[in-house]
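[1] got a sequence here, can you model it:
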Amino acid sequence: VKAIARHPPPFEITMAYKEGEWTVGPWDCCSDPSAGCLVCCCAPCAVGQVKEMVTTGNASPSFTGDMTTCALTWLLGGCGFLISMGVRTELRNKYKLPEKPCGDCLFHCCCGCCAITQDLKEARIRVVNAGGPEATEMAR
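    Below you'll find the predicted structure:
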């Protein structure tokens, strides 16, 4: 007699969203541990992933995402928020999102980790919902 192991279906990110509204809050850093950990361990890589998703509309298959954005964010060190702020502005413009909870510059200066985490989660949700199973697998 053979036992057949049944596994739950693969994890999928599906979430309804409205044009012009953020799907995640600015202080919602812990709801997706993978995003929070990535931002804490390598914020430039997270910024690169957001940039690639915003620019191409696809989830990045690489850890660094857009390599140029990742490298510039890392090289600028304490001024790297200028790059991540620009990427956030691109994200907001693409999806017509409001500048909340405050201006992009102020949010990235005061709480860069929260801002980048919100950007990463928002980009993942919107790209995965638009892209189907391939996008879901690449966004993991």
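
[2] longest helix in this structure, please.
    helix 33-56 (DSSP state H).

[3] and the contacts of that one?
    29-30, 58-60, 63-71, 73-74, 80, 83-84, 87-88, 90-91, 94, 112-113, 116-117, 119-121, 123-124, 126-127, 140 (CB atoms under 8 Å, 6 or more residues apart in numbering). C-beta: built from backbone N, CA, C; applies to glycine.

[4] ok, stretch 80-88 next?
    43-44, 47, 50-51, 54, 69, 72-74, 76, 104-105, 107-109, 112, 115-116, 119.

[5] what subset of those is buried?
    Restricting these to buried positions leaves 43-44, 47, 50-51, 54, 69, 72-74, 104, 107-108, 112, 115-116, 119, with burial counted as 16 or more other CB atoms under 10 Å.

[6] name the SS class of the nearest residue to Glu99 once chain neighbours are set aside, please.
    Using CB to CB, 6 or more residues apart in numbering and skipping the chain neighbours, the partner closest in space to Glu99 is Arg92 (6.5 Å). Counting by DSSP: H, G, I helix; E, B strand; the rest coil, the backbone at Arg92 sits in helix.
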